[in-house]
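Enquirer: No sequence on hand, only this structure:
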């Protein structure tokens, strides 16, 4: 009977050791998983920061594009109604008084230069 009790004790001891080994193995596995999870969370946080920076940059670029589009629209409105060769001809109406004065002065200087006179050269 003592042999049976000793065998039973040995069996229980082996079962407990086996269970403890399995528990330790699972504990190590869970610890590794927890570490990888923490690393993944940190990586995700860094990626979210980069994504936010990209969003801010995109927003700034969209704002710059909107301003540029408004400028293009404004310039297009200014040019509306003019023909393709409008840049090569003088407008029939006064568009810009300063430009008209400059063109008038240049025209007068050219006439003076062609006639050989010194009038208007001191401008």
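Expert: All right, it came through fine. These numbers come from a predicted model, not from an experiment.

Enquirer: can you give me the offset of the lengthiest helix in the chain from its chain's centre?
Expert: Ranked by number of residues, the top helix in the chain under DSSP state H is helix 2-79. Its chain's C-alpha centre and that of helix 2-79 lie 25 Å apart, by C-alpha atoms, centre = their mean, to the nearest Å.

Enquirer: Tell me the first helix or strand C-terminal of it.
Expert: helix 97-115 (DSSP states H and E).

Enquirer: And the longest helix of the chain, what does it pack against?
Expert: Helix 2-79 sits against no helix or strand, with contacts defined as 3 or more C-beta pairs under 8 Å, 6 or more residues apart in numbering; DSSP states H and E. Any C-beta I mention is one placed from the backbone N, CA and C, and that applies to glycine too.

Enquirer: ok, residue 30 to residue 19 distance?
Expert: 16 Å (C-beta to C-beta, to the nearest Å).

Enquirer: Please read off the pLDDT at residue 51 from the model.
Expert: If you check residue 51, the pLDDT there is 97.

Enquirer: let's have the chain start at 14 instead
Expert: Will do, 14 is the new start, and the previous item becomes residue 64.

Enquirer: what number of residues lie near it?
Expert: The tally of other residues near residue 64 (other C-beta atoms under 10 Å) stands at 10.

Enquirer: Return the set of buried residues in the lowest-mean-pLDDT helix or strand in the chain.
Expert: Ranking every helix and strand in the chain by mean pLDDT, DSSP states H and E puts helix 110-128 at the bottom, with a mean of 71. Across helix 110-128, burial judged by 16 or more other C-beta atoms under 10 Å covers no residue at all.
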